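# Give me the fold of what follows.
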Amino acid sequence: MTHNIVFATLIVTLILFAWGRIRHDFVALITLFILVIAGIIDPAQAFKGFGHPAVITVAAVLIIGKGLEFSGLIDLLGKWVMKIGDNMLLQIAVLSVLVAVASAFMNNVGALAIMMPIAIHMARKSGNPPSYILMPIAFASLLGGMITLIGTPPNIIIATFRADEMGEPFGMFDFSPVGLVLTLAGLSFIVLIGWRLLPKRAAKKSDEDTFDIDDYITEVEVVEDAKIIGKTIAEITEISDADMQILGLVRNKKRLHAPDFHEVILKNDIIILETDADDLKTFIEDTKVKLVGDKKFRKDAEGSDKIAVSEAIVMADSTLIGRTASDLRLRSRYGINLLAIARREKRIRRRLDKVVFQTGDVLLLQGREHVLNDTITSIGCLPLAQRSLRIGYQTKIPVALGVFITSIILVVTGLLPVQVAFSMAAVGMVLSGVLPIKNVYTSINWPVIVLLGAMIPVGVALETSGGAKLIASWVLEMGEMMPAWAMLTIILVVTMFLSDIINNAATVVLMAPIAISVASGLGYSSDPFLMAVAVGGSCAFLTPIGHQSNTLVMGPGGYKFTDYWRMGLPLEVIIVLVGVPMIMWAWPL
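Below is the predicted model:
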């Protein structure tokens with residue numbers, strides 16, 4: 001009876017995860033509370049997951065990764081990468097390898113986020129479509145995460161499951177024999193074949209448009225010295241060569257939808273435009289109109305720092321999602337001004353300050369130059385414009401590397417548990433001045449921490465209720481005539497499939513106890529089966545929702561949902577064909 005309740009709860013949980021309308025961390029909490037109310041999880045143990053070594057390690061690794069970023073190390077590498085030229089194959093190869101290597105030692109989303117602006121700038125400079133570069137480096141970030149213990153949360157979770165099962169966790173480089181070979185195989189496919197399978201998302205005017213995304217929706221105000229006062233909408237084209245479309249007018253706080261071409265423009269009118277960033281700039285210069293909010297923002301900032309504009313993408317865990325600029329009071333609370341917004345495959349109908357933000361929206365934001373990128377990051381967005389190097393921070397590179405390498409040595413030699421060693425390294429990043437203390441808590445991906453903390457007791461409940469053994473018995477009955485490699489393949493493929501539709505950390509928490517039970521039923525070591533779960537949890541290549549890295553490139557790359565199958569499906573086949581023999585070689589049954 002107990003395992004039936006667990007099964008029913010998990011089925012609902014998987015449906016909610018796949019549905020995607022409710023945040024994954026909130027779904028995990030709901031699942032936890034249901035099992036507590038049902039008496040399956042002891043209330044005293046409900047929040048034990050938040051003190052779990054896996055959760056602590058993930059948080060520490062995120063802080064360390066931010067420290068490496070602030071040290072200037074990645075920026076320095078980025079500056080070198082910019083010199084490689086316009087050859088598409090070389091660009092994809094160098095960027096993919098660099099992202100994969102970085103992902104082995106820091107959060108893979110963080111590694112991708114750092115390199116994305118560089119990749120976009122390179123594509124823009126060389127006239128190559130961003131769609132050819134962005135998905136390859138997103139997939140490279142997932143591949144690189146498989147190489148080490150700290151490369152991705154699934155590896156950390158699997159290591160702790162092994163500790164519970166066998167008394168000793170996987171070590172720092174125990175994932176390397178399998179992960180390194182799979183990364184090399186995956187990168188070879190991506191660089192030589194994979195990117196050629198992707199669509200060329202050409203911009204509407206030329207290959208040099210800002211991004212392969214739909215045009216921005218923005219609002220401009222007809223100020224006193226604007227050249228279009230008294231002109232009709234049709235006559236605007238005689239004043240400016242900008243390629244844009246007028247979607248509406250706001251006059252006396254009332255919106256005129258689809259205004260007639262003979263409508264005369266009056267002072268203080270607000271014009272709602274659809275255009276790209278370059279044409280928007282041209283239109284403003286030609287007509288002397290002002291972006292809505294720009295004048296007030298500059299007045300508020302008068303006498304302070306230089307005002308700058310940056311493009312940014314709304315990430316999956318952003319505080320903006322589900323809210324409007326008006327609700328958030330962006331200008332008064334964060335010191336930034338929303339100038340325009342672009343969204344893939346869907347025209348925005350509302351006024352700019354009433355648009356509800358969604359994952360993947362590309363925003364044009366205005367703020368004080370020296371803090372704009374940090375502010376954008378703090379609200380869960382990724383700056384897309386090319387970033388300048390952090391002057392003076394290069395002297396911190398040896399310190400940051402010293403702290404990080406010391407923590408790795410402590411883990412490899414067994415002097416300290418991984419969660420303690422990396423927590424000390426996180427503190428060391430702050431004490432050494434590499435990472436400002438104000439950035440410590442903002443560097444942690446709290447939704448992932450909450451999801452892990454809530455799902456770990458759920459995974460334990462699946463095991464203690466007998467549910468994992470029951471599922472394992474079903475698998476064994478169906479595959480009783482199958483060889484061991486076939487059972488290993490089933491575990492790997494099922495984990496990959498679930499990772500494509502739900503959060504990979506949640507997938508690993510659910511699949512690990514099942515894998516252990518299957519191994520026990522077959523009389524084999526649990527190591528190869530746990531390794532199969534770790535690999536499957538890291539390889540979500542089929543959908544944009546399977547991993548944050550995939551979501552992150554969807555807007556700037558102009559990808560559709562189905563584009564991920566083009567390169568993702570053959571890549572997953574390669575992972576299975578290479579992964580199963582490698583797992584059996586490195587971790588004998």
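# What's the biggest helix in this structure, counting residues?
Taking DSSP state H as the assignment, the helix of the chain that covers the most residues is helix 563-586.
# From the contact counts, what lies against that helix?
On a contact count with 3 or more C-beta pairs under 8 Å, 6 or more residues apart in numbering; DSSP states H and E, helix 563-586 meets helix 131-144, helix 176-192, helix 484-501, helix 527-538. To be clear about C-beta, it is placed using only N, CA and C from the backbone, and glycine gets the same treatment.
# Alpha carbons of it, as PDB, please.
Listed next in PDB are the C-alpha coordinates belonging to helix 563-586 (Å, rounded to 0.1, in the frame of the first residue of the first chain):
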ATOM      1  CA  ASP A 563      15.600  21.900 -33.900                       C
ATOM      2  CA  TYR A 564      17.100  20.100 -30.900                       C
ATOM      3  CA  TRP A 565      16.200  16.700 -32.400                       C
ATOM      4  CA  ARG A 566      18.300  17.400 -35.500                       C
ATOM      5  CA  MET A 567      21.600  17.300 -33.600                       C
ATOM      6  CA  GLY A 568      20.400  15.900 -30.300                       C
ATOM      7  CA  LEU A 569      19.100  12.500 -31.500                       C
ATOM      8  CA  PRO A 570      22.200  11.300 -33.300                       C
ATOM      9  CA  LEU A 571      24.300  12.600 -30.400                       C
ATOM     10  CA  GLU A 572      22.300  10.600 -27.900                       C
ATOM     11  CA  VAL A 573      22.700   7.500 -30.100                       C
ATOM     12  CA  ILE A 574      26.400   8.000 -30.100                       C
ATOM     13  CA  ILE A 575      26.400   8.400 -26.300                       C
ATOM     14  CA  VAL A 576      24.600   5.000 -25.900                       C
ATOM     15  CA  LEU A 577      26.800   3.200 -28.400                       C
ATOM     16  CA  VAL A 578      30.000   4.500 -26.900                       C
ATOM     17  CA  GLY A 579      28.900   4.800 -23.300                       C
ATOM     18  CA  VAL A 580      27.700   1.300 -22.600                       C
ATOM     19  CA  PRO A 581      31.000  -0.400 -23.600                       C
ATOM     20  CA  MET A 582      33.000   2.300 -21.800                       C
ATOM     21  CA  ILE A 583      31.000   1.900 -18.600                       C
ATOM     22  CA  MET A 584      31.500  -1.900 -18.700                       C
ATOM     23  CA  TRP A 585      35.200  -1.500 -19.400                       C
ATOM     24  CA  ALA A 586      35.800   1.100 -16.700                       C
END
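# Can you check what angle separates it from helix 527-538?
On the basis of axes from the mean of the first three to the mean of the last three C-alpha atoms, to 10 degrees, helix 563-586 is oriented at 160 degrees to helix 527-538.
# mind listing what's buried in helix 563-586?
Of the residues in helix 563-586, those buried under the neighbour-count criterion (16 or more other C-beta atoms under 10 Å) are 563-564, 566-568, 571-572, 574-576, 578-580, 582-584, 586.
# Same check on stretch 5-18?
So for stretch 5-18, counting by 16+ other C-beta under 10 Å, buried means 5-6, 9-10, 13-14, 16-17.
# okay if I get those residues as TSV plus pLDDT and distance to L134?
Supplementary listing: those in TSV, determined by pLDDT from 0 to 100; distance: C-beta to C-beta, whole Å:
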residue	pLDDT	distance to L134
I5	89	43
V6	87	40
T9	91	37
L10	86	34
T13	87	31
L14	82	29
L16	85	29
F17	79	25
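# hang on, the earlier thing: closest to A400 out of the helices and strands packed on helix 563-586?
Smallest distance to A400 across the helices and strands packed on helix 563-586 (C-beta to C-beta): 19.0 Å, for helix 131-144.
# packing partners for the closest one?
The contact analysis (3+ C-beta pairs under 8 Å, 6+ apart) places helix 131-144 against helix 88-105, helix 108-126, helix 176-192, helix 548-557, helix 563-586.
# Dump the second one to PDB, restricted to CA.
Once non-C-alpha atoms are left out, helix 108-126 reads as follows in PDB (Å, rounded to 0.1, in the frame of the first residue of the first chain):
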ATOM      1  CA  ASN A 108      28.000  24.000 -16.900                       C
ATOM      2  CA  VAL A 109      25.300  26.700 -17.200                       C
ATOM      3  CA  GLY A 110      27.800  29.200 -15.800                       C
ATOM      4  CA  ALA A 111      30.500  28.100 -18.300                       C
ATOM      5  CA  LEU A 112      28.000  28.500 -21.200                       C
ATOM      6  CA  ALA A 113      26.700  31.800 -19.900                       C
ATOM      7  CA  ILE A 114      30.300  33.200 -19.800                       C
ATOM      8  CA  MET A 115      31.100  32.100 -23.400                       C
ATOM      9  CA  MET A 116      27.800  32.900 -25.000                       C
ATOM     10  CA  PRO A 117      28.400  36.700 -25.500                       C
ATOM     11  CA  ILE A 118      31.800  35.800 -27.000                       C
ATOM     12  CA  ALA A 119      30.200  33.300 -29.400                       C
ATOM     13  CA  ILE A 120      27.500  35.700 -30.400                       C
ATOM     14  CA  HIS A 121      30.000  38.500 -31.100                       C
ATOM     15  CA  MET A 122      32.200  36.100 -33.100                       C
ATOM     16  CA  ALA A 123      29.200  35.000 -35.200                       C
ATOM     17  CA  ARG A 124      28.200  38.600 -35.700                       C
ATOM     18  CA  LYS A 125      31.700  39.700 -36.700                       C
ATOM     19  CA  SER A 126      32.300  36.900 -39.100                       C
END
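# contacting residues around L143?
L143 sits next to 100, 103, 182-183, 186-187, 538-539 when contact means C-beta atoms under 8 Å, 6 or more residues apart in numbering.
# Need the pLDDT of it.
At L143, the predicted lDDT confidence score is 96.
# do the same with A203
pLDDT, read off for A203, is 35.
# Poorly predicted segments of the stretch 1-150 of the chain, please.
1, 20, 74-75, 78 (pLDDT under 70).
# Can you show me the strands along the chain?
Secondary structure of the chain by DSSP state E: the strands cover 216-221, 244-251, 254-257, 270-275, 290-291, 307-314, 336-342, 362-368, 381-383.
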